[in-house]
Every structure is written in structure tokens, then in C-alpha cells.
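Engineer: Need a 3D model of the sequence below.
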Amino acid sequence: MNKRKVYIIIAAVLSGSFLAGISFGTEFINPVDALFTLFGGEGTLKSEIILKLRIPRVLAALFTGASLSVCGAVFQ
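Structural biologist: Residues are numbered from 1 along each chain as shown. The predicted model follows:
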């Protein structure tokens with residue numbers, strides 16, 4: 001496999017994880033509705049849940065995982 005294919009696979013997995021993190025929770029939100037909200041959807045209760053609760057949670061998990069991987073690389 002060349003590097004380009006690896007980067008495409010990594011980007012697809014990261015995008016899928018991001019969308020799953022936004023969609024799944026106490027109240028399930030359809031992934032299509034989640035994408036609609038991300039790209040300027042209306043101000044409904046679901047959009048408030050996504051924008052104020054789930055996106056910060058997913059971004060915190062992303063940055064925590066990235067920092068832990070950097071720490072692991074530094075310790076090696």
C-alpha cells in the first residue's frame with residue numbers, strides 16, 4: 001500500500017468515528033441530521049445537543065487521544 005491510500009483510510013476512519021460520536025448518545029440523532037446541523041442546519045433541540053454537547057466531547061476525545069499517542073512516542 002502506498003502512503004496516499006493509508007492517508008485516505010485514516011481520514012475515512014476518523015470521519016466515521018467523528019460522525020458516530022455525534023450521532024450516538026442518550027438520544028440517537030440520525031447521521032444525516034447531524035451532518036445537516038454541522039453544515040448550517042436550523043436551531044432545533046437536536047442541533048443544540050450536537051453543537052453544545054457532542055461536538056466538544058468528540059473534539060476533547062480526539063485531542064486526548066492525539067496527546068496520548070505523542071506521549072507514547074516520546075517515551076519510546
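Engineer: Next up, the contacts around the nearest residue in space to Gly21 that is not next to it in sequence.
Structural biologist: Excluding its sequence neighbours, the residue lying closest to Gly21 (CB to CB, 6 or more residues apart in numbering) is Val58, at 3.9 Å. C-beta here means a position set from N, CA and C on the backbone, and glycine is covered the same way. Neighbour list for Val58: Phe18, Gly21, Ile22 [criterion: CB atoms under 8 Å, 6 or more residues apart in numbering].
Engineer: Most neighbours among those, which one?
Structural biologist: Using other CB atoms under 10 Å as the neighbour definition, the contacts of Val58 reach their maximum at Ile22, which records 23 neighbours.
Engineer: Can you name the residues that contact that one?
Structural biologist: If a contact means CB under 8 Å, 6+ apart, then Ile22 has Ile29, Pro31, Ala34, Leu38, Ile50, Arg54, Ile55, Val58 as its contacts.
Engineer: again, only using 10 Å
Structural biologist: If you count contacts by CB atoms under 10 Å, 6 or more residues apart in numbering, Ile22 has them with 29, 31, 33-35, 37-38, 49-51, 53-55, 57-58.
Engineer: Of those residues, which belong to helices?
Structural biologist: Pro31, Asp33, Ala34, Leu35, Thr37, Leu38, Ile49, Ile55, Arg57, Val58 (DSSP state H).
Engineer: so what's the residue lying closest to the fourth one once chain neighbours are set aside up against?
Structural biologist: This points to Leu35. With CB to CB, 6+ apart as the criterion, Leu35 has its nearest non-adjacent residue at 7.3 Å, and that residue is Leu19. Under the criterion of CB under 10 Å, 6+ apart, the contact list for Leu19 reads Pro31, Val32, Ala34, Leu35, Leu38, Val58.
Engineer: Remind me which helix or strand the closest residue to the third one other than its chain neighbours belongs to.
Structural biologist: Spelled out, that is Ala34. Residue nearest to Ala34 in three dimensions, not counting chain neighbours: Ile22, with 4.7 Å by CB to CB, 6+ apart. Assigned by DSSP states H and E, Ile22 falls within helix 3-23.
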